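Undergrad: got a structure for you, letters missing:
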């Protein structure tokens with residue numbers, strides 16, 4: 001590679017950060033590819049190590065599990081959830097498309113509408129939770145009222161989303177550096193300052209099977225719910241990017257980031273189990289040295305603000321994808337901005353209207369339901385990409401109304417419906433307890449059933465798929481693709 005081209009790709013993110021992104025769901029041509037592998041680690045570290053992750057970390061303590069087993073459960077669930085999430089990252093550079101557009105080959109142009117609506121709901125729901133938490137944190141730090149803080153910070157994150165891909169990457173890159181320092185000081189200060197009693201780390205005689213599995217399942221669900229995001233933030237990378245490398249960097253950032261903040265949430269909950277999550281964090285941070293709790297909250301809040309922008313950005317791309325399936329339209333900067341405003345503003349308004357204790361009382365249930373809906377999709381999408389079609393798709397045919405991927409694909413739809421149905425007896429929620437989950441004492445095995453069932457069924461349904469004819473069409477359809485992918489406004 002020419003040295004100048006390599007340098008441009010490495011610095012392209014910074015040089016474009018203050019330019020409003022022009023593309024939305026359309027293909028990114030080779031002339032616009034840029035970035036570096038480290039960006040995938042930092043955007044997901046900071047995107048994971050934000051204040052919302054505290055809630056997942058505190059679940060084990062609330063269930064009566066001690067700190068040691070809570071951390072082990074969190075680590076196990078995070079590892080299992082990170083594997084499929086990171087795998088999606090390799091699709092972005094290869095296809096140059098956002099994540100959810102890539103669902104058309106598995107479900108069809110109309111068949112994927114339900115999946116897209118679920119994805120939009122996930123994005124919108126996260127913005128609601130994020131704004132609610134940002135407002136409550138601003139009030140806790142005496143910066144403003146919860147309502148004013150939520151509205152202002154929500155609008156700032158919408159502005160970040162409008163600038164788009166590069167500003168989101170740059171923001172999370174610098175936030176990562178600060179987060180790493182702050183988290184290390186927090187954990188090191190509590191450990192070496194003797195603020196965590198030895199009994200919290202006892203493994204002998206403190207294991208409780210049901211709470212442990214609930215913590216593992218919650219961590220898995222939380223990590224898995226981000227699978228919709230991943231290719232959105234890797235699609236500008238060069239197509240020559242190593243599959244293994246980008247998966248590794250994404251997994252490293254997402255895995256360490258989410259576990260780091262979950263561990264902080266578990267520690268603060270263990271020290272202050274009767275306090276709200278963010279107040280417990282502030283009080284425990286002040287044990288390291290007075291005022292440090294506010295520093296941790298502020299840095300985690302900045303990461304949450306940019307993560308909120310990521311949610312608005314990804315939600316807009318998914319909404320445009322769904323609209324394009326019903327009424328084909330040319331992607332444009334203006335359309336992307338309108339979609340971001342629609343999702344971001346409505347979710348912000350709902351977020352500031354929610355009660356301040358919403359995160360403490362309802363987070364686990366909302367998280368589980370969203371992850372239930374998403375789990376079969378990630379299995380089907382990854383099996384199609386890595387095993388069935390082995391990454392061979394036509395970009396033009398994905399957007400072709402009468403293309404080879406069709407309006408309905410019974411294989412993906414059937415695999416999704418059957419795998420979701422297989423999960424129902426294993427679900428355990430506040431408003432519904434499946435019979436098998438009740439039999440095993442309230443342990444939720446739904447994800448451990450739905451993902452392998454969805455993967456296996458889709459693979460079986462695709463055994464008679466005529467890939468030879470499809471690949472012949474692909475070779476001709478994408479001829480001169482980059483020549484025709486002109487810049488848009």
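TA: Nice, I can see it. Computed from a prediction, not measured in an experiment: that's the story for all the values here.

Undergrad: mind checking the SS state of the most centrally placed residue in the chain?
TA: The residue lying closest to the centre of the chain (Cα atoms, centre = their mean) is residue 226, at 2.0 Å. Reducing the assignment to helix, strand or coil with DSSP: H, G, I helix; E, B strand; the rest coil, the entry for residue 226 is coil.

Undergrad: isn't it right up against residue 255?
TA: No: with contact taken as Cβ atoms under 8 Å, residue 226 and residue 255 are classed as non-touching, separated by 11.4 Å. C-beta here means a position set from N, CA and C on the backbone, and glycine is covered the same way.

Undergrad: shared neighbours, these two?
TA: Common contact partners of residue 226 and residue 255 (Cβ atoms under 8 Å, 6 or more residues apart in numbering): residue 48.

Undergrad: mind showing which ranges of the stretch 251-400 of the chain have poor pLDDT?
TA: For the stretch 251-400 of the chain, the stretches with pLDDT under 70 are 356-364, 367.

Undergrad: switch to 80 and redo it
TA: Applying pLDDT under 80 to the stretch 251-400 of the chain flags the ranges 329, 355-368, 370-371.

Undergrad: give me the buried positions along the longest helix along the chain.
TA: Longest helix in the chain by number of residues, with DSSP state H as the criterion: helix 292-326. When burial is assessed from 16 or more other Cβ atoms under 10 Å, helix 292-326 yields the following buried residues: 292-322, 324-325.

Undergrad: which helices and strands sit right next to it?
TA: Contact here means 3 or more Cβ pairs under 8 Å, 6 or more residues apart in numbering; DSSP states H and E; on that basis helix 292-326 packs against helix 37-48, helix 113-140, helix 146-163, helix 165-192, helix 277-288, helix 333-353.

Undergrad: what do you get if the cut-off is 10 Å, keeping everything else the same?
TA: Here helix 292-326 touches helix 37-48, helix 53-62, helix 113-140, helix 146-163, helix 165-192, helix 243-271, helix 277-288, helix 333-353, going by 3 or more Cβ pairs under 10 Å, 6 or more residues apart in numbering; DSSP states H and E.

Undergrad: of all those, which one is nearest residue 84?
TA: helix 243-271 (10.0 Å; Cβ to Cβ).

Undergrad: list the buried residues for that closest one?
TA: 246-271.

Undergrad: same question for stretch 144-158.
TA: Using 16+ other Cβ under 10 Å as the burial criterion, the residues of stretch 144-158 that qualify are 146, 149, 150, 151, 152, 153, 154, 157, 158.

Undergrad: ok, now how distant is the fifth one from residue 337?
TA: If I follow you right, that is residue 152. Counting by Cβ to Cβ, to the nearest Å, the gap from residue 152 to residue 337 is 20 Å.

Undergrad: got a list of what the residue nearest to residue 262 when sequence neighbours are not counted touches?
TA: Of all residues beyond its chain neighbours, the one nearest residue 262 is residue 57 (3.4 Å), with distances taken as Cβ to Cβ, 6 or more residues apart in numbering. Contacts were defined as Cβ atoms under 10 Å, 6 or more residues apart in numbering; by that measure residue 57 touches 70-71, 74, 215, 218-219, 222, 258-270, 277, 281.

Undergrad: contacts for stretch 473-483?
TA: Outside stretch 473-483, the residues within contact range by Cβ under 10 Å, 6+ apart are 27-32, 96, 389, 392-398, 400, 403-404, 467, 484.

Undergrad: so how far is the first residue of that stretch from its last?
TA: Between the start and the finish of stretch 473-483 there is a gap of 19 Å, counting by Cα to Cα, to the nearest Å.

Undergrad: sort out which residues of that stretch are buried, please.
TA: So, applying 16+ other Cβ under 10 Å, buried residues of stretch 473-483: 474, 477, 478.

Undergrad: measure the second one to residue 109 for me?
TA: What that stands for is residue 477. 16 Å.

Undergrad: check the last one too.
TA: Distance of residue 478 to residue 109, given as Cβ to Cβ: 18 Å.

Undergrad: check which residues of stretch 380-399 are buried.
TA: By neighbour count, with 16+ other Cβ under 10 Å as the criterion, the buried positions of stretch 380-399 are 380-385, 388-389, 393-399.

Undergrad: how about stretch 414-432?
TA: Using 16+ other Cβ under 10 Å as the test for burial, stretch 414-432 gives 415, 416, 418, 419, 420, 422, 423, 424, 425, 426, 427, 428.

Undergrad: generate TSV for those residues, with pLDDT as supplementary columns.
TA: Converted to TSV, those look like this (pLDDT from 0 to 100):
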residue	pLDDT
415	97
416	96
418	97
419	96
420	95
422	96
423	94
424	94
425	94
426	91
427	89
428	84
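
Undergrad: so which of those comes closest to residue 138?
TA: The shortest distance between residue 138 and any of those, using Cβ to Cβ, involves residue 428 and amounts to 34.5 Å.

Undergrad: that closest one bridge partners, please.
TA: Residue 428 has these beta-bridge partners by DSSP bridges: residue 433.

Undergrad: right, and it touches residue 447 too?
TA: No: with contact defined as Cβ atoms under 10 Å, residue 428 does not count as touching residue 447 (11.4 Å).

Undergrad: joint contacts of those two?
TA: Shared between the contact lists of residue 428 and residue 447 (criterion: Cβ under 10 Å, 6+ apart) are residues 217, 368.

Undergrad: ok, residue 207 - contacts?
TA: Contacts for residue 207 were tallied using Cβ under 10 Å, 6+ apart; they are 65, 66, 68, 69, 72.

Undergrad: in terms of pLDDT, where does it sit?
TA: pLDDT, residue 207: 84.

Undergrad: phi and psi next, for it.
TA: Here is the backbone geometry of residue 207 (degrees, to the nearest 10): phi -80, psi 130.

Undergrad: any idea how far it lies from residue 22?
TA: Using Cβ to Cβ, one obtains 54 Å as the distance from residue 207 to residue 22.

Undergrad: ok, residue 46 next?
TA: Residue 46 is 25 Å from residue 22, where distance means Cβ to Cβ.

Undergrad: try residue 186
TA: Per Cβ to Cβ, residue 186 is found 40 Å from residue 22.

Undergrad: looking at those two, which one has more neighbours?
TA: For the pair residue 186 and residue 22, the greater number of neighbours falls to residue 186 (25 against 16), based on other Cβ atoms under 10 Å.
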